[in-house]
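*Asks:* Take a look and give me a structure for this.
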Amino acid sequence: MDRVTAADVRDAVNLAADVLAAAAERDWRVPAGDLAWDCWETVEHIADDLFFYAGQLGPRRPSLEGPVPFGWAYRRPGGPALTIWAVPEDGNAGLLQVLEAAGALLAAMVEVTPPEVRAHHVFGAADAEGFAAMGVVETLVHLRDVADGLDLEWAPPPELCRRVLARLFPDAPTETDPWPTLLWATGRATLPGRERLASWRWDGTPR
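*Replies:* Numbering: from 1, shown residues only. As a prediction, this is how the structure comes out:
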């Protein structure tokens, strides 16, 4: 199985940022696909996840009992719970900087964390590769939500999708195209002969 690497995190975030940059002058306070969040909030959520995953790998002795206790808050009822968020006055361009910075933090932590290190995640203690894969999945699938809201084209590289599927969704079908399969595995689409999932979770435990 090809490993998910820091380069994959950078690629996913850079591809997402490039697509979003083309819509930087648009209003991002519109619904993001089927989510209860708007596009701005969804991009903030991606950045927050990337930051959070990087943080789990930061302590010298990461806890297996619970996450690093960063503070968090809801910016509005029904919005995402966030540890970090962008200054609204800096607009969409500022939010893109937050996204890229958070992606760079996760990529850097994945590169320097020894492979034997494990850190807490609600779906099972994970290694650096697992957190890299989680960051890639969050970026790819939530960018699809944003792309739906902003009417943008978004089709990430099949090989990138295939690697994170193999790492986090080992029971997902392998005979179908990787990107639609990733959308199916995260409850966003159907596949031939397979209904849309009402609930889903990944398996971040080391292989």
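*Asks:* which residue is nearest the middle of this structure?
*Replies:* The C-alpha lying nearest the average C-alpha coordinate of the chain belongs to Glu138 (C-alpha atoms, centre = their mean; 1.7 Å).
*Asks:* separation between the closest residue to that residue other than its chain neighbours and Ala126?
*Replies:* Nearest non-adjacent residue to Glu138, counting by C-beta to C-beta, 6 or more residues apart in numbering: Asp49, 4.5 Å away. In this view, the C-beta of every residue, glycine as well, is placed from N, C-alpha and C. In this structure, Asp49 and Ala126 are 13 Å apart, going by C-beta to C-beta, to the nearest Å.
*Asks:* Likewise for Pro114?
*Replies:* 14 Å.
*Asks:* Give me the nearest residue to Val13, chain neighbours excluded.
*Replies:* Per C-beta to C-beta, 6+ apart, closest to Val13 is Gly103, 3.1 Å.
*Asks:* More neighbours: which of Pro114 and Ala126?
*Replies:* Ala126 (27 against 8; other C-beta atoms under 10 Å).
*Asks:* Bridged to the more buried one, which residues?
*Replies:* Ala119 (DSSP bridges).
*Asks:* Show me which positions of stretch 65-73 end up buried.
*Replies:* Val68 (16 or more other C-beta atoms under 10 Å).
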